[in-house]
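K.L.:
sequence and predicted structure, then a few things I'm wondering about:
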Amino acid sequence: MKIIKCSDLGFKCNFMAAGNELEEVENAMLGHIEKEHKKELQNMSEDDIHHLNHRISTLLGRSCGCGAL
């Protein structure tokens, strides 16, 4: 089980994406960010977005599934 919290990415949000496949969870989180944090995303530079994507990948790669990242 892979878990990532929106708050782990710096957003003030309680959303949590979970699933068995890394790609599934990553897509759920990115979809949530695009929908719910559109304004913040529009204010980010390309570099900021790259770092956000990298952080998602890093956190999911280290996730044990317990929710304590």
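P.N.:
Received the coordinates, thanks.

K.L.:
strands of this structure, start to end?
P.N.:
Here the chain has its strands, by DSSP state E, at 2-5, 16-19.

K.L.:
what is the neighbour count of residue 2?
P.N.:
Residue 2 has 20 neighbours, counted by other Cβ atoms under 10 Å. Backbone N, C-alpha and C define where each C-beta goes, glycine included.

K.L.:
ok, now which ones touch it?
P.N.:
Applying Cβ atoms under 8 Å, 6 or more residues apart in numbering, we find residue 2 in contact with 18, 19, 20, 21, 22, 24, 25, 60, 63, 65.

K.L.:
what pairs with it across the strands?
P.N.:
Here residue 2 sits in beta bridges with residue 19, as judged by DSSP bridges.

K.L.:
check what pLDDT it gets.
P.N.:
pLDDT, residue 2: 90.

K.L.:
same deal with residue 69?
P.N.:
Reading off the model, residue 69 has pLDDT 48.

K.L.:
one more: residue 61?
P.N.:
84.

K.L.:
how many neighbours does it have?
P.N.:
9.

K.L.:
how close does it sit to residue 45?
P.N.:
In this structure, residue 61 and residue 45 are 24 Å apart, going by Cβ to Cβ, to the nearest Å.

K.L.:
on that earlier part again, okay, the strands of the chain in TSV with distance to residue 51 next?
P.N.:
Putting the strands of the chain into TSV (distance: least, Cβ to Cβ, whole Å) gives the following:
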stretch	distance to residue 51
strand 2-5	15
strand 16-19	18
